[in-house]
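# my questions concern the predicted model and sequence given below.
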Amino acid sequence: MTPNAKLLKKVAEIYRWLDLQINSNPNLAGKCQMCGKCCDFARFDHRLFITPPEIFYFNANLSGEPQKPMTTGRCPYNIDGRCTVYQHRFAGCRIFCCKADPDFQSNLSELTLKKFKSLCTEFQMPYRYTDLPTALNNFADV
């Protein structure tokens, strides 16, 4: 297995673990209403941060489509209130729910970031916690 394939597999494992944590704690995790409000970061006063392994995984799963830049305060993958990359969404997208317990989200975020930081060390990638617009607009630098 190539290093890139190993990295993709390990990111998918983290996402499966994360989804299990969320699904095992529905009262704390909240129930997404799929309204798309949280994807409008500017209006929701929300910032999404991602790590290099996540953007690598994301781009590998775009099925050959070019990555979209983020030119407004809204995620370019939210079309008519729906996430068009839901199955490949970032950890922060998975964790954040406007109806969730903030402490649960914070603790889960910290655990998840430790896993991604460990991946960066393992694969000798620089660890950066980058806001989504910067990552989407400057992928070559991530």
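Received the coordinates, thanks. Source: prediction; values computed, not measured.

# per-residue pLDDT of Gln124, please?
Looking at Gln124, its pLDDT stands at 95.

# can you give me the neighbour number for it?
Neighbours of Gln124 under the rule other Cβ atoms under 10 Å: 7. Quick note: C-beta positions are derived from backbone N, CA and C, even for glycine.

# and it, how far is that from Ser109?
Distance from Gln124 to Ser109, counting by Cβ to Cβ, to the nearest Å: 24 Å.

# do the same with Glu65
28 Å.

# which of those two has more neighbours?
Between Glu65 and Ser109, counted using other Cβ under 10 Å, the more crowded position is Ser109 (16 against 9).

# confirm that that one sits in a helix.
Yes: counting by DSSP: H, G, I helix; E, B strand; the rest coil, Ser109 is part of a helix.

# list the contacts of it.
Neighbour list for Ser109: 91-92, 95 [criterion: Cβ atoms under 8 Å, 6 or more residues apart in numbering].

# secondary structure element holding the residue nearest to Phe104 when sequence neighbours are not counted?
Excluding the flanking residues, the one nearest Phe104 by Cβ to Cβ, 6 or more residues apart in numbering is Leu28, at 3.8 Å. Here Leu28 sits within helix 26-29, counting by DSSP states H and E.
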